[in-house]
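S.K.: coords please:
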Amino acid sequence: MFNYGTYTDEQLTALLKEGDHAAYTEIYRRYWKKLLLIAWNHSKDELASKDIVHDVFISLWERYPEVEINNLPAFLATSVKFTVYKYYQKEQRRNDLALQNYEYETTVNDEDKLDAIFLQEYVNGIVEKMPEKCRLVFGYSRNLGMKNSEIATKIQITEKGVEANLTRALRIIRGELKNHGWIFIIAIHIHRFFK
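M.R.: Now for the predicted structure:
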């Protein structure tokens with residue numbers, strides 16, 4: 001009998017990819033309390049937090065063959081944040097239906113803002129997992145608005161290197177968003193992040 005408690009996250013992730021249920025159980029044991037805390041911090045609702053963590057782990061098991069996990073804690077934390085988002089988006093839509101004759105425009109605007117905030121959080125989570133140069137180039141370009149030539153000077157690489165890292169960063173982000181089924185959000189907000 002293997003002692004999965006001694007395995008690294010990377011080993012557990014590799015075993016999960018092969019459908020190893022014991023590795024999945026160890027991931028659950030190792031992270032459920034941390035994820036519950038994250039869910040609670042975002043929702044302030046104990047029952048909703050438990051449901052959210054439960055949904056994250058169900059999704060992890062159902063999607064293990066296709067999902068790429070490079071950093072298990074970051075992946076799980078991001079999954080929780082977006083499950084919280086989906087949960088409240090569903091609640092918001094229920095409220096929208098109830099209030100559609102009164103505050104339709106305000107509600108839609110609030111939902112758009114919420115979509116944008118959570119998409120930005122999700123993208124930030126993806127960026128944190130990127131290789132250092134890729135992360136720096138993306139941050140300087142998208143967050144600080146620096147030109148490629150300025151970035152090249154700042155981190156001492158060529159402009160071509162800046163372009164390659166930026167292209168790689170965008171490819172990683174798009175791939176992660178696609179893996180997590182956030183294509184509808186990309187369609188709505190793509191111009192805010194990738195223009």
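S.K.: so what pLDDT did the nearest residue to Y64 once chain neighbours are set aside get?
M.R.: Closest residue to Y64 apart from its sequence neighbours, by C-beta to C-beta, 6 or more residues apart in numbering: L16 at 5.1 Å. The C-beta positions use only the backbone N, C-alpha and C, and glycine is treated the same way. Among the per-residue scores, L16 holds a pLDDT of 92.
S.K.: what's the following helix or strand after the strand or helix carrying L16?
M.R.: With secondary structure defined by DSSP states H and E, L16 is part of helix 9-17. As assigned by DSSP H and E, the chain's next helix or strand after helix 9-17 is helix 21-43.
S.K.: by contact count, what packs against the helix or strand following that following helix?
M.R.: Counting by DSSP H and E, the next helix or strand C-terminal to helix 21-43 is helix 46-63. Helices and strands touching helix 46-63, by 3 or more C-beta pairs under 8 Å, 6 or more residues apart in numbering; DSSP states H and E, are helix 21-43, helix 72-99.
S.K.: Can you mark which positions in the first one are buried?
M.R.: Going by neighbour count (16 or more other C-beta atoms under 10 Å), the buried part of helix 21-43 is 23-24, 26-28, 30-32, 35-36, 38-40, 42-43.
S.K.: How is the chain divided into domains?
M.R.: Split into domains by automatic domain parsing, the chain comes to 8-102, 130-195.
S.K.: got the contact list for A152?
M.R.: 158-159, 161-162 (C-beta atoms under 8 Å, 6 or more residues apart in numbering).
S.K.: Quick one: low-confidence residue ranges for this structure.
M.R.: Residue ranges of the chain with pLDDT under 70: 1, 90-122, 178-195.
S.K.: Looking at the contacts of A152, which are in helices?
M.R.: Judged by DSSP state H, the subset of these located in helices is 159, 161-162.
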